[in-house]
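Participant: Just need the structure, nothing else, for what follows:
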Amino acid sequence: MSEKLLDFLLEIGTEEIPDWMIPGALKHLQQAGILGVAVTVQATARRLVVKASGLAGRQADTEDLISGPPKSAGAGAAQGFAKKNGVSVEQLETISTPKGDYFGFRKKTPGRPTIDLLAEAIPGLVLGIPWPKTMYWTGKSGPRFIRPIRWIVALLGNELGNETGDQVIPFEIAGVRSGSITRGHRVLGSGSIPVTIATYEAGLKKNFVILHANERRHKIETEATALGAKIDGSLLETLTFITEYPTAIRGDFDPGYLELPAEVLTTVMRHHQKYFAVEDEFASPVLEADGTRRHQLAPYFVAVMNTSGDPEGLIKHGNERVLRARFNDARFFWNVDQQKTLAARVDDLAHVTFQAKLGSYLDKTTRVVALVQEFGGNADAQRAALLAKCDLTTEMVKEFTDLQGIVGGLYAKAQGEPEAVSRAIYEHYKPLSMEDSIPSTVEGRIVALADKLDTLRECFKIGMIPSGSKDPFALRRAAQGIVKILAEAGLAFPLDRLAEGELRAFLLDRITYYFREVRGFKYDEVNAVLASGCGALANVEARLTALAEVRPTGDFDALAVSFKRVNNILRQAEYKGSDFDFLDTGLLEDGPERELYDALMDVFGRLRRYQDRGDYRDALLEIASLRPKVDRYFDSVRVNTEDPRVRRNRLHFLWVFRRDFSTIADFSEIVTAGDQK
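Facilitator: Have a look, this model is predicted:
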């Protein structure tokens, strides 16, 4: 009869864990597993849960062959070896090796009960979660965790398979002993709930804890949408992990507040109160400058409670009161800020520090304006660059920091600046991620590019280079923004114009990431195109697209092999080549060598015309058409011939071939079937 496999449950009950830290903790627990068995993980703000199935009741017995002294050492050595390992001489056996025969014995180790192994492993698993920060609560020498641990459920199923008799895995963390008692919702549920593995989730739900994040997320989204909420994905995720039993309610606010810009109102609701905004589906949508349509706000909000209901409306009224105070603050800041224009605030930037070693935001503004001029930005772009950081001196941004840039754009519009200026200021922090859109106007793109490039240049200048997870100035995000703008806006600024040295390498790494991971091009194709030069990113994309289209043709892989062969020959001969070297066509041998040369000359003219008009697909097809003549050349011509003049001429011929036909991509970077063997 086969051994029954057992289920496992671990729940670490804590004080409320910050919502943004929970996904990382779950990922760590899932990757760690339990004794080599895959696990499922769930969490609320007050509990981390790990479940697994298929654990054996005890681990398998093991047998190890222990090698001792050589048999030539005699009986005394055998007796000493046997005594040391607690066995008799009769239990020893002979181990034959290429070096001779040795004494040895087979050490059998009985498998340990799984419950004992779990008791030893779980404390380390729990305390090993890599939180961004931890705390101690039992004394400075005690264990550290993200929040105080209040209870632990740790159960291993029983071999009889009934709902009672699960084994408690015995261990202790920070003075809290494991058991089979969990806790329900802090207000609605019981503080002591006996559970088994089989009854655990039902017991929690009965006590107003929805364990599965997907179920909580769906409940929030369904209820909030029914109340008219505009669902914000990041806010939805936050609410999912700060509640155990979420319930949506709708509140009201004075329509007079709708005189404030929607961006201000939604920021107050979303970032400060964790409310969803409600749009007026009956009002005419607002047409934005980028062509998109945005619905106007309605004087309502949707809040998500961590409770089952609000029958007397006390929670609703409390939320309305708090929101009213926040909106009053926002209206006050708006009115106060309008007493001084953005243009009048430029000199105030001298008192706002950009970075201790890099001076003030006025210094940065001066550099950014100069970059915008260098990039050919028009008068509106230069004006936007001058005013872009002025909102950092406003009361609104001091209170609602998430609105920097956006407030500047809104104030510029309210103060009569041209639409191109206000829109560029409004969007100059974009894109905030690879998923975010780039600025919608040329002026905005140039200002955003200049702002991000200045930050990178200045930080790299003083050695502030991201390493590992440390990136306090969000330089990776700035670099990704530059790449996304250059690629998607088609700005003709080659990499070498923007950066050099370490910064160039840093941007090139982001470019590689963008085309591989975001745009989905194959890694070797990206390597091949970038190895031939990184000009304007629109040009890089055009070459990548052509390469991906032409690669499936029959000649392509074989030609890539030939380019690898050319590289190997030149490297082994240590031939560096030079544009000043002369190819002596009189030394070319009739037959395959002369035929290849003639074909190269014939193709090269058409190749240049194709490239000049950006027709990289036809250019690559022309290169691929050389494959038969290249094959015949290598089959018939000995490059390293004994005649030194002919040998050098042939090396230079190959060097010219590689130089002239690698301007679209370095084909030697393409991975072929032969490379994968």
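Participant: any idea which helix or strand carries the residue nearest to P170 when sequence neighbours are not counted?
Facilitator: Residue nearest to P170 in three dimensions, not counting chain neighbours: A119, with 5.4 Å by Cβ to Cβ, 6 or more residues apart in numbering. In short, each C-beta sits where N, CA and C put it, glycine included. Take DSSP states H and E as the rule and A119 turns out to sit in helix 114-127.
Participant: Okay, buried residues for that helix please.
Facilitator: Judged by neighbour count (16 or more other Cβ atoms under 10 Å), helix 114-127 contains these buried residues: 114-115, 117-119, 122-123, 125-126.
Participant: Counting by contacts, list what that helix packs against.
Facilitator: With contacts taken as 3 or more Cβ pairs under 8 Å, 6 or more residues apart in numbering; DSSP states H and E, helix 114-127 sits against strand 6-14, strand 149-156, strand 172-173.
Participant: Show me the one of these that comes nearest A558.
Facilitator: Proximity to A558 (Cβ to Cβ) singles out strand 6-14 among the helices and strands packed on helix 114-127, at 55.0 Å.
Participant: What is the subsequent helix or strand relative to that closest one?
Facilitator: Of the helices and strands lying after strand 6-14 in sequence (DSSP H and E), the nearest is helix 22-32.
Participant: circling back: separation between the residue nearest to P170 and F171?
Facilitator: 5 Å (Cβ to Cβ, to the nearest Å).
Participant: and what of N158?
Facilitator: For N158, the distance to F171 - Cβ to Cβ - is 19 Å.
Participant: what do you get for F515?
Facilitator: Taking Cβ to Cβ, one finds F515 at 49 Å from F171.
Participant: picking that back up, and the helices and strands packed on helix 114-127 as JSON lines, adding mean neighbour count?
Facilitator: Below are the helices and strands packed on helix 114-127 laid out as JSON lines (neighbours: other Cβ atoms under 10 Å):
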{"stretch": "strand 6-14", "mean neighbour count": "22"}
{"stretch": "strand 149-156", "mean neighbour count": "23"}
{"stretch": "strand 172-173", "mean neighbour count": "16"}
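Participant: Q355: which of these is closest?
Facilitator: Closest among the helices and strands packed on helix 114-127, once you apply Cβ to Cβ, is strand 6-14, at 37.4 Å.
Participant: other SSEs contacting that closest one?
Facilitator: Applying 3+ Cβ pairs under 8 Å, 6+ apart, one finds that strand 6-14 contacts strand 47-55, helix 114-127, strand 149-156.
Participant: can you put those in JSON lines and add distance to E502 and mean pLDDT?
Facilitator: Shown next, in JSON lines, are these (distance: least, Cβ to Cβ, whole Å; pLDDT from 0 to 100):
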{"stretch": "strand 47-55", "distance to E502": "41", "mean pLDDT": "94"}
{"stretch": "helix 114-127", "distance to E502": "38", "mean pLDDT": "94"}
{"stretch": "strand 149-156", "distance to E502": "44", "mean pLDDT": "96"}
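Participant: Out of those, flag the one nearest L486.
Facilitator: Shortest separation from L486 across those is recorded for strand 47-55, at 42.5 Å, computed as Cβ to Cβ.
Participant: before we move on, the earlier item: how far out from the middle of the chain is the helix holding A119?
Facilitator: In terms of Cα atoms, centre = their mean, to the nearest Å, the centre of helix 114-127 is set 31 Å apart from its chain centre.
Participant: Please work out the angle formed by the directions of that helix and strand 149-156.
Facilitator: Put simply, helix 114-127 runs at 150 degrees to strand 149-156, going by axes from the mean of the first three to the mean of the last three Cα atoms, to 10 degrees.
Participant: Can you tell me what sits against helix 114-127?
Facilitator: 6, 8, 10, 12, 29, 32, 34-35, 55-59, 143-145, 154, 156, 167, 169-173, 178 (Cβ atoms under 8 Å, 6 or more residues apart in numbering).
Participant: if we go to 6 Å?
Facilitator: By Cβ atoms under 6 Å, 6 or more residues apart in numbering, the residues outside helix 114-127 that reach it are 12, 32, 55, 57-58, 143, 156, 167, 169-171, 173.
Participant: Just give me the closest of those to F493.
Facilitator: A32 (45.6 Å).
Participant: How about the residue in this structure that sits furthest from its center?
Facilitator: For the chain, the largest distance from the centre (Cα atoms, centre = their mean) belongs to A75, which lies 64.4 Å off.
Participant: Name the nearest residue to that residue, ignoring sequence neighbours.
Facilitator: Excluding its sequence neighbours, the residue lying closest to A75 (Cβ to Cβ, 6+ apart) is V89, at 7.7 Å.
Participant: Do I have it right that the one you found meets K83?
Facilitator: No: the criterion here is Cβ atoms under 6 Å, and V89 misses it with K83 at 8.9 Å.
Participant: Tell me the buried residues in stretch 420-440?
Facilitator: 420-431, 438-440.
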